[in-house]
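*Asks:* okay, here's the prediction I keep looking at, along with the sequence it came from:
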Amino acid sequence: MPSLSALVFLGLAALTLGSAGLVAFSRNIIHSALALLGTFLGIAGLYVSLSADFIAATQVLVYVGGTLVLILFAVMLTSRIAEMKISNPRGGPAVAFGLVTAVLLLLGRVATQTPWPAEAKPAMPSTAKLGHAFLGEYLLPFELGSVVLLAAMIGAVVLARRAVRRAWERE
(Lines give C-alpha, C1' and ligand atoms only; values in the text may rest on other atoms or scores of the structure.)
Protein backbone atom coordinates (compact mmCIF):
# COMPACT_ATOMS: atom_id res chain seq x y z
CA MET A 1 0.00 0.00 0.00
CA PRO A 2 1.42 3.40 -0.94
CA SER A 3 2.35 5.78 1.82
CA LEU A 4 0.40 8.94 2.57
CA SER A 5 3.14 11.14 1.12
CA ALA A 6 3.05 9.15 -2.14
CA LEU A 7 -0.73 9.55 -2.33
CA VAL A 8 -0.46 13.29 -1.65
CA PHE A 9 2.18 13.60 -4.37
CA LEU A 10 0.07 11.68 -6.88
CA GLY A 11 -2.99 13.79 -6.05
CA LEU A 12 -1.08 17.05 -6.45
CA ALA A 13 0.54 15.82 -9.67
CA ALA A 14 -2.88 14.83 -11.05
CA LEU A 15 -4.30 18.24 -10.10
CA THR A 16 -1.38 20.04 -11.74
CA LEU A 17 -1.37 18.00 -14.95
CA GLY A 18 -5.16 17.91 -15.27
CA SER A 19 -5.44 21.66 -14.82
CA ALA A 20 -2.58 22.26 -17.25
CA GLY A 21 -4.38 20.10 -19.80
CA LEU A 22 -7.53 22.17 -19.34
CA VAL A 23 -5.50 25.36 -19.81
CA ALA A 24 -4.00 24.08 -23.03
CA PHE A 25 -7.05 22.46 -24.61
CA SER A 26 -10.00 24.58 -23.46
CA ARG A 27 -11.64 26.61 -26.19
CA ASN A 28 -12.96 29.16 -23.68
CA ILE A 29 -10.31 31.61 -22.50
CA ILE A 30 -12.08 32.22 -19.18
CA HIS A 31 -12.10 28.48 -18.44
CA SER A 32 -8.41 28.35 -19.34
CA ALA A 33 -7.62 31.21 -16.98
CA LEU A 34 -9.55 29.55 -14.14
CA ALA A 35 -7.89 26.19 -14.79
CA LEU A 36 -4.57 27.97 -14.45
CA LEU A 37 -5.48 28.48 -10.79
CA GLY A 38 -5.52 24.71 -10.28
CA THR A 39 -2.14 24.39 -11.99
CA PHE A 40 -0.56 27.08 -9.81
CA LEU A 41 -2.05 25.65 -6.60
CA GLY A 42 -0.93 22.12 -7.54
CA ILE A 43 2.62 23.35 -8.06
CA ALA A 44 2.53 25.19 -4.74
CA GLY A 45 1.33 21.98 -3.08
CA LEU A 46 4.22 20.07 -4.63
CA TYR A 47 6.60 22.66 -3.22
CA VAL A 48 5.05 22.22 0.23
CA SER A 49 5.47 18.45 -0.03
CA LEU A 50 9.16 19.04 -0.80
CA SER A 51 9.49 21.26 2.31
CA ALA A 52 10.19 24.28 0.13
CA ASP A 53 7.84 26.47 2.12
CA PHE A 54 9.22 29.81 0.94
CA ILE A 55 8.98 28.83 -2.73
CA ALA A 56 5.40 27.59 -2.15
CA ALA A 57 4.38 30.86 -0.51
CA THR A 58 6.06 32.82 -3.30
CA GLN A 59 4.23 30.68 -5.87
CA VAL A 60 0.89 31.50 -4.28
CA LEU A 61 1.62 35.20 -3.76
CA VAL A 62 3.23 35.94 -7.12
CA TYR A 63 1.47 33.63 -9.53
CA VAL A 64 -1.96 33.19 -7.96
CA GLY A 65 -2.13 36.60 -6.31
CA GLY A 66 -0.49 38.59 -9.06
CA THR A 67 -0.20 36.93 -12.44
CA LEU A 68 -3.48 35.03 -12.41
CA VAL A 69 -5.45 38.02 -11.16
CA LEU A 70 -3.86 40.16 -13.88
CA ILE A 71 -4.77 37.58 -16.54
CA LEU A 72 -8.35 37.38 -15.25
CA PHE A 73 -8.69 41.18 -15.25
CA ALA A 74 -7.31 41.35 -18.80
CA VAL A 75 -9.73 38.66 -19.98
CA MET A 76 -12.74 40.15 -18.20
CA LEU A 77 -12.04 43.72 -19.29
CA THR A 78 -11.47 42.84 -22.93
CA SER A 79 -14.63 43.76 -24.77
CA ARG A 80 -16.11 41.33 -27.27
CA ILE A 81 -13.73 38.53 -26.29
CA ALA A 82 -16.28 35.91 -27.38
CA GLU A 83 -16.59 37.47 -30.85
CA MET A 84 -12.87 37.36 -31.61
CA LYS A 85 -11.79 35.26 -34.55
CA ILE A 86 -8.69 33.09 -34.26
CA SER A 87 -5.98 34.73 -36.32
CA ASN A 88 -3.53 31.85 -36.23
CA PRO A 89 -5.24 28.56 -37.08
CA ARG A 90 -4.15 25.23 -35.67
CA GLY A 91 -1.02 24.17 -37.38
CA GLY A 92 1.47 21.43 -36.94
CA PRO A 93 -0.28 18.94 -34.63
CA ALA A 94 2.11 16.25 -35.86
CA VAL A 95 5.13 18.36 -34.91
CA ALA A 96 3.60 19.18 -31.52
CA PHE A 97 2.83 15.51 -30.89
CA GLY A 98 6.40 14.59 -31.82
CA LEU A 99 7.87 17.18 -29.47
CA VAL A 100 5.61 16.14 -26.60
CA THR A 101 6.50 12.48 -27.18
CA ALA A 102 10.23 13.29 -27.18
CA VAL A 103 9.97 15.31 -23.96
CA LEU A 104 7.93 12.58 -22.24
CA LEU A 105 10.43 9.92 -23.30
CA LEU A 106 13.29 12.04 -21.99
CA LEU A 107 11.51 12.64 -18.68
CA GLY A 108 10.69 8.94 -18.39
CA ARG A 109 14.34 8.04 -18.96
CA VAL A 110 15.50 10.54 -16.34
CA ALA A 111 12.92 9.26 -13.86
CA THR A 112 13.92 5.62 -14.36
CA GLN A 113 17.68 6.21 -14.41
CA THR A 114 17.85 8.47 -11.33
CA PRO A 115 18.92 6.73 -8.11
CA TRP A 116 16.04 7.74 -5.82
CA PRO A 117 16.63 7.37 -2.08
CA ALA A 118 14.78 4.44 -0.50
CA GLU A 119 13.91 6.36 2.66
CA ALA A 120 12.88 9.96 2.69
CA LYS A 121 14.65 12.03 5.33
CA PRO A 122 12.57 14.64 7.10
CA ALA A 123 13.42 17.83 5.30
CA MET A 124 14.12 21.08 7.07
CA PRO A 125 12.46 24.29 5.92
CA SER A 126 14.37 25.84 3.06
CA THR A 127 13.90 29.51 3.89
CA ALA A 128 17.19 30.04 5.72
CA LYS A 129 19.23 28.18 3.08
CA LEU A 130 17.52 30.13 0.32
CA GLY A 131 18.20 33.47 2.01
CA HIS A 132 21.87 32.65 2.48
CA ALA A 133 22.13 31.53 -1.15
CA PHE A 134 20.47 34.73 -2.46
CA LEU A 135 22.76 36.91 -0.36
CA GLY A 136 25.84 34.77 -0.96
CA GLU A 137 26.79 32.88 -4.11
CA TYR A 138 23.67 33.92 -6.10
CA LEU A 139 23.72 37.62 -5.24
CA LEU A 140 24.66 38.80 -8.75
CA PRO A 141 21.93 36.81 -10.60
CA PHE A 142 19.41 37.86 -7.95
CA GLU A 143 20.25 41.53 -8.41
CA LEU A 144 20.34 41.23 -12.21
CA GLY A 145 16.86 39.70 -12.08
CA SER A 146 15.62 42.64 -10.07
CA VAL A 147 17.11 45.10 -12.60
CA VAL A 148 15.43 43.23 -15.47
CA LEU A 149 12.08 43.30 -13.64
CA LEU A 150 12.50 47.03 -12.97
CA ALA A 151 13.23 47.67 -16.66
CA ALA A 152 10.14 45.65 -17.64
CA MET A 153 7.99 47.61 -15.21
CA ILE A 154 9.28 50.95 -16.51
CA GLY A 155 8.68 49.79 -20.09
CA ALA A 156 5.11 48.76 -19.24
CA VAL A 157 4.43 52.16 -17.68
CA VAL A 158 5.85 53.97 -20.73
CA LEU A 159 3.76 51.87 -23.12
CA ALA A 160 0.61 52.31 -21.04
CA ARG A 161 1.23 56.04 -20.77
CA ARG A 162 1.56 56.30 -24.55
CA ALA A 163 -1.71 54.42 -25.08
CA VAL A 164 -3.73 56.61 -22.69
CA ARG A 165 -3.07 60.19 -23.68
CA ARG A 166 -5.49 62.96 -23.10
CA ALA A 167 -6.60 65.28 -25.90
CA TRP A 168 -4.31 68.12 -24.80
CA GLU A 169 -1.30 65.75 -24.66
CA ARG A 170 -1.67 64.61 -28.28
CA GLU A 171 -0.83 67.98 -29.74
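*Replies:* Looks like it came in fine. These numbers were taken from a predicted model, which means no experiment stands behind them.

*Asks:* who touches the longest helix along the chain?
*Replies:* Across the chain, the helix with the greatest residue count (assigned by DSSP state H) is helix 139-163. Contacts to helix 139-163, defined as CB atoms under 8 Å, 6 or more residues apart in numbering, come from residues Phe134. Where C-beta positions appear, they are placed from N, C-alpha and C, glycine not excepted.

*Asks:* quick one: buried residues of that helix?
*Replies:* Across helix 139-163, burial judged by 16 or more other CB atoms under 10 Å covers no residue at all.

*Asks:* do me a favour and average the pLDDT over the helix or strand hosting Val48.
*Replies:* In this structure, Val48 sits in helix 29-49 according to DSSP states H and E. Throughout helix 29-49, pLDDT has a mean value of 90.

*Asks:* helices and strands around whichever helix or strand comes after it, which ones?
*Replies:* Downstream of helix 29-49, the next assigned helix or strand under DSSP H and E is helix 53-58. With contacts defined as 3 or more CB pairs under 8 Å, 6 or more residues apart in numbering; DSSP states H and E, helix 53-58 has these neighbours: helix 29-49, helix 127-134.

*Asks:* do you know which of these lies nearest Val110?
*Replies:* Val110 lies closest, by CB to CB, to one member of these: helix 29-49, at 16.8 Å.

*Asks:* any residues touching the closest one, and which ones?
*Replies:* Identification of contacts with helix 29-49 by CB under 8 Å, 6+ apart yields 5, 8-9, 12-13, 15-20, 22-24, 26, 53, 55-57, 59-60, 63-64, 68, 71-72, 75-76, 81.

*Asks:* how close does the residue positioned nearest the centre of the chain sit to Ala56?
*Replies:* Nearest to the geometric centre of the chain sits Phe40, at 6.0 Å (CA atoms, centre = their mean). Counting by CB to CB, to the nearest Å, the gap from Phe40 to Ala56 is 11 Å.

*Asks:* if we can go back for a sec, okay if I get the helices and strands packed on helix 53-58 as TSV plus distance to Arg109?
*Replies:* Converted to TSV, the helices and strands packed on helix 53-58 look like this (distance: least, CB to CB, whole Å):
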stretch	distance to Arg109
helix 29-49	21
helix 127-134	29
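
*Asks:* which of those sits most buried?
*Replies:* Highest mean neighbour count among the helices and strands packed on helix 53-58 (mean count of other CB atoms under 10 Å): helix 29-49, with a mean of 18.
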